[in-house]
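1. Any chance you can model this:
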Amino acid sequence: MPQHTPVRIRLHSRHDGENVVQELPAEAIFRGSSLYVRYEDPQEGPQSGKTRTTVKIGKDELKLIRHGDIQSEQTFKLGSKLPGFYRSPYMNFMMSTDTGQLDIRLDGLSGIVEWTYDLYVYEEFSGHFEISLSIQEEQGS
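-> Numbering: from 1, shown residues only. Down below sits the predicted model:
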């Protein structure tokens, strides 16, 4: 059985002039030709529950999958507008992502993935996002 390896991630997102940077512990594993990075979303507010995010990094495609109190799925492939969804105790909606840039640079379990996309909710433009995900294998693992 393949081993999950501890990594640190730095997730930087830019949207409407707002910059959010999160540094989180995570675990990574290779399955087939894809790298999977899994982490717990930071909890916000008094009633927030647990949500685990899995980032599946393929050769030319990226998928974000959330399970828990929030469930969502977004797929990013350069030049493609792909369907997804978002479900929480408070709202549900269909969405799609139109990926304008996708740059995947991996060296084993470490690397950087950068992508930009336009988000559409019910086919209406909802915003432009720029994301950078840095993955660093924990030393001494």
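2. how much space between the closest residue to residue 108 other than its chain neighbours and residue 29?
-> Nearest residue to residue 108, sequence neighbours excluded (Cβ to Cβ, 6 or more residues apart in numbering): residue 137, at 6.8 Å. Heads up, the C-betas are built off the backbone N, CA and C, glycines and all. The span separating residue 137 from residue 29 equals 12 Å under the rule Cβ to Cβ, to the nearest Å.
3. what's the residue closest to the geometric middle of this protein?
-> A centroid search over the chain (Cα atoms, centre = their mean) returns residue 64, at 4.2 Å, as the residue closest to the centre.
4. what's the spacing between residue 127 and residue 57?
-> Per Cβ to Cβ, residue 127 is found 23 Å from residue 57.
5. So these two - more neighbours on which side?
-> Ranked by neighbour count (other Cβ atoms under 10 Å), residue 127 and residue 57 place residue 57 first, with 20 against 11.
6. which intervals of the protein have sub-threshold pLDDT?
-> 1-2, 43-48, 140-141 (pLDDT under 70).
7. which helices and strands sit right next to the longest strand anywhere in the chain?
-> The longest strand of the chain (DSSP state E) is strand 92-107. The elements that strand 92-107 packs onto, with contact taken as 3 or more Cβ pairs under 8 Å, 6 or more residues apart in numbering; DSSP states H and E, are strand 61-68, strand 71-77, strand 81-87, strand 110-121.
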